[in-house]
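> The following comprises the amino acid sequence and a computationally predicted model.
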Amino acid sequence: QPAPLSGDRAVVLVFPEWDAMGYVAEQRQIPSRLRADEDLLTLMESLCAGPKISGAVSAIPEGTRALAALYDPQNKRGVLEFSVELVTRHPGGSAAEAATMTSILRTVALNFPETTSCLILVDGAQVETLKGHLNLDKPLDPRRWL
C-alpha cells in the first residue's frame, strides 16, 4: 500500500531551447511521498511529458515513457529505465543525442545533486548508445553534465 503524499516537491526540469542555442530550466511542483525512487521516477515522467514553458522543446523522443527509477542514497547512484522509444524514435546525430542526455542528466544533477553515477536502461537492458554517438554502456556522472 503506497504511503500518503507528503506534499509537493519543487523540482527543476531541463529542456533544450527551441533554437538549440542552450538549455532552459523549468521549475515545477511534483507530488512527493519523500521517497527518492518515486520522486526520481516522477521527475523523469515529467521530463518525458515535455516542457510547459515557451521557448523550450523536448529532447526526449515522442512516446518515450519513464518506466522505473531506482536511487541508492548510500552509494549516491541512480538507475533510470525508459521505454524502447528512447532509442527507436530518436532522430540520431551527435547534437540530438547530447541534448537528450543533457536534459536527463542535468535534471538529475539539479534535483539530486549528491548523485555520482546514473545508469540509463532501455526496456530493462543496458544499451551501448542511443544512435551511435554517446556511450551509455556504463554509468555516467550527472554532475559532469551541468
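That came through fine. Residues are numbered from 1 along each chain as shown.
> which stretches of the chain form helices?
Ranges of helices in the chain, per DSSP state H, are 36-49, 85-88, 94-111.
> nearest to Gly7, of these?
helix 36-49 (11.6 Å; Cβ to Cβ). C-betas here are computed from N, CA, C, even on glycine.
> Ok, which of the helices of the chain comes nearest Tyr71?
When the helices of the chain are compared for distance to Tyr71 using Cβ to Cβ, the nearest one is helix 36-49, at 4.0 Å.
> Identify the residues contacting that closest one?
With Cβ atoms under 8 Å, 6 or more residues apart in numbering as the contact definition, helix 36-49 has outside contacts at 9, 11, 13-14, 28, 30-33, 58, 60, 64-66, 68-71, 73, 78, 80, 82, 103-104, 107-108, 111-112.
> Just the buried ones among these, please.
The neighbour-count test (16 or more other Cβ atoms under 10 Å) marks 9, 11, 13-14, 28, 30, 32, 58, 60, 64, 66, 69, 71, 78, 80, 82, 103-104, 107-108, 111-112 as buried among the contacts of helix 36-49.
> For the closest residue in space to Ala95 that isn't next to it in sequence, give me the pLDDT.
Of all residues not flanking Ala95 in the chain, Ala20 sits nearest, at 7.0 Å (Cβ to Cβ, 6 or more residues apart in numbering). For Ala20, the model assigns a pLDDT of 91.
> count of residues packed around Ala20?
Per other Cβ atoms under 10 Å, the neighbour tally for Ala20 reads 12.
> swap in Arg35?
Counted with other Cβ under 10 Å, Arg35 comes out at 14.
> and what of Val24?
By the measure other Cβ under 10 Å, the count of residues near Val24 is 16.
> Okay, it and Leu140: tell me how far apart.
The spacing between Val24 and Leu140, counted by Cβ to Cβ, to the nearest Å, is 22 Å.
> ditto for Gln29
Summarising the geometry, the distance separating Gln29 from Leu140, computed by Cβ to Cβ, is 27 Å.
> Of these two, which one has the most company?
Each of Gln29 and Leu140 has its neighbours counted (other Cβ under 10 Å); Leu140 has more, 19 against 11.
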